[in-house]
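I would like to see how this sequence folds:
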Amino acid sequence: MPKIGVLIADDAKEIADYFADFIRQEEDMEVLGLASSGEEAVTKARSLNPQIVLMDIQMETKTAGIDATKQIHDYNPAIKVIILTIHSRDDLIFKAYTVGAMDYIIKTSPTEEIIKSIRAAASNSLLLRPEIANKIMEESRRISEKQSKMKEVLKVMMRISNTEFEIIKMAHGGYSYKEIAEKRFVEETTIRSEIYRILKKFNKKRMKDVILLLKEINFADLFDEP
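Numbers count the residues shown, from 1 in each chain. Below you'll find the model as predicted:
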């Protein structure tokens, strides 16, 4: 009976060796190779054609494993990628699954759980674990809420004047009303009047709530800091 060929991608050699050691103890599995970066994982996946790739997320970049998973899946969907990481963040889990990962296991999980996942993925009998499904649903909900907030903010921003926009930028940069007034060469009362109009448009009571909203949707990334 053919063995399950496994490629291990992790930039920490001691971790890669640890996984390789206990996988080699399984009679129905073999380690085809090790990779220390996402780029190397893609190259070796193409040359070694493993059934399973155990993929770390953070290697040469914070999302190298996710990027490599996408490339491997695009190249050959038959190669099953299992994400191995120390993280359990909902957004990373969501990204991993959307690019083709089959499972997501924390590195500190029992070896039996990892072996079980490898066998299940290889036999196409892997079921989405409830905790993973819940994380994906939660991330989908968060993205949906973010998109909804983005639409609301865009509608408001279409009614924001150039002066108001500049004041929002400076408030986001941490300037006080007095400092904004000094930089714009106007009285502080004038700035407070502008702030009042901004708050009315955003339907907020405090300027800090406007800034928080913009940060939540990453809209403030469009601002050139003053």
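
Report the buried residues of the strand or helix carrying residue 47.
Following DSSP states H and E, the helix or strand that holds residue 47 is helix 38-48. The neighbour-count criterion (16 or more other C-beta atoms under 10 Å) identifies 38, 39, 40, 41, 42, 44, 45 as the buried residues of helix 38-48. Yep, even glycine has a C-beta here, placed from its N, CA and C like the rest.

residues making contact with it?
5, 7, 9, 32-33, 35, 53, 55, 59-61, 64-65, 67-68, 71-72, 75-76, 79 (C-beta atoms under 8 Å, 6 or more residues apart in numbering).

where along this protein do the strands fall?
4-9, 29-35, 52-56, 80-85, 103-106 (DSSP state E).

can those strands go into CSV with extra columns for mean pLDDT and distance to residue 203?
Listed next are these as CSV, based on pLDDT from 0 to 100; distance: least, C-beta to C-beta, whole Å:
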stretch, mean pLDDT, distance to residue 203
strand 4-9, 97, 49
strand 29-35, 97, 52
strand 52-56, 95, 45
strand 80-85, 89, 40
strand 103-106, 84, 39
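
Would you tell me which one of those strands is buried the most?
strand 52-56 (a mean of 28; mean count of other C-beta atoms under 10 Å).

and that one, which strands flank it?
In the sheet, strand 52-56 lines up against strand 4-9 (parallel), strand 80-85 (parallel) (DSSP bridges).

With distance to residue 181 as new columns, can the ones you listed be given to me in CSV?
Shown next, in CSV, are those (distance: least, C-beta to C-beta, whole Å):
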stretch, distance to residue 181
strand 4-9, 55
strand 80-85, 49
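
Tell me the confidence at residue 171?
pLDDT, residue 171: 89.

Quick check, it in contact with residue 209.
No: if you go by C-beta atoms under 8 Å, residue 171 and residue 209 don't touch, sitting 11.3 Å apart.
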